[in-house]
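Undergrad: no sequence for this one, just the structure:
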């Protein structure tokens, strides 16, 4: 019983991990895909990307672009062969969605391969801002921190002053009858 609970716990941990959930989806989409092999390949691809080798990412984007383009062409042809307007619109809608996604994937690929100068500068500025904020957080001066435990030691510890003789002609508002002026 204990071994079965540990086994179920381990399977649950694998399935909720990014690699496990992706491998589970892959085995559902591709019936011949092996779950464990998929997890191992995902680890390999992740390691390749972390090493800075972008060939896998480029290959993935090109593959997606190719499939989306093929889907666009197939659905445009299907819309032309449709017997009813509703069928034609259905296929054309899918075709134009695939075209838009293909276009977005193409732009992503081009941006990945040739980053815009403004994007590069923006990334550098963001990195410098993040570094400056980290330095600022590390060097917070005690004078800038909130006073916490000792409420009596707030800013003013002096005794209250007596009211002065200024603005003597101003009257206070009465509770029942207000002043005439």
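TA: Great, that's in hand. Just so it is clear, the structure is predicted and the values come from calculations on it, not from any experiment.

Undergrad: distance of the nearest residue to residue 48 once chain neighbours are set aside from residue 127?
TA: Leaving aside its sequence neighbours, residue 48 sits nearest to residue 56 (Cβ to Cβ, 6 or more residues apart in numbering; 5.5 Å). Any C-beta I mention is one placed from the backbone N, CA and C, and that applies to glycine too. Residue 56 sits 25 Å away from residue 127, going by Cβ to Cβ, to the nearest Å.

Undergrad: who has more neighbours, these two?
TA: Neighbour totals were compared for residue 56 and residue 127, and residue 56 leads with 13 against 10 (other Cβ atoms under 10 Å).

Undergrad: quick one: that one from residue 3, how far?
TA: Residue 56 sits 38 Å away from residue 3, going by Cβ to Cβ.

Undergrad: Then residue 11?
TA: Residue 11 sits 13 Å away from residue 3 when distances are taken as Cβ to Cβ.

Undergrad: got it, and residue 10?
TA: According to Cβ to Cβ, residue 10 stands 10 Å off from residue 3.

Undergrad: So for the two, which residue has more residues nearby?
TA: Just comparing residue 10 and residue 3: by other Cβ under 10 Å the higher neighbour count belongs to residue 10, 10 against 7.

Undergrad: any idea which helix or strand carries that one?
TA: Using DSSP states H and E, residue 10 falls within helix 2-16.

Undergrad: Would you mark the buried spots in the next helix or strand after that helix?
TA: Later in the chain than helix 2-16, the nearest helix or strand by DSSP H and E is helix 18-29. By neighbour count with 16 or more other Cβ atoms under 10 Å, helix 18-29 contains the buried residues 19, 20, 23, 24, 26, 27.

Undergrad: Ok, stretch 29-38 next?
TA: Buried, per 16+ other Cβ under 10 Å, within stretch 29-38: residue 38.

Undergrad: Mind listing residues that contact the host helix or strand of residue 48?
TA: Using DSSP H and E, residue 48 maps to helix 35-50. For helix 35-50, contacts defined as Cβ atoms under 8 Å, 6 or more residues apart in numbering pick out 14, 18, 19, 20, 22, 23, 24, 26, 27, 55, 56, 57.

Undergrad: Toward the C-terminus from that helix, list the very next helix or strand.
TA: With DSSP H and E, the next secondary element past helix 35-50 is helix 55-81.

Undergrad: for that next one, which positions count as buried?
TA: 57, 61, 64, 65, 68, 69, 71, 72, 75, 76, 78, 79.

Undergrad: What of stretch 87-100?
TA: For stretch 87-100, burial by neighbour count (16+ other Cβ under 10 Å) applies to 91, 92, 94, 95, 98, 99.

Undergrad: what's near enough to touch the second one?
TA: Going by Cβ under 8 Å, 6+ apart, residue 92 touches 75, 76, 79.
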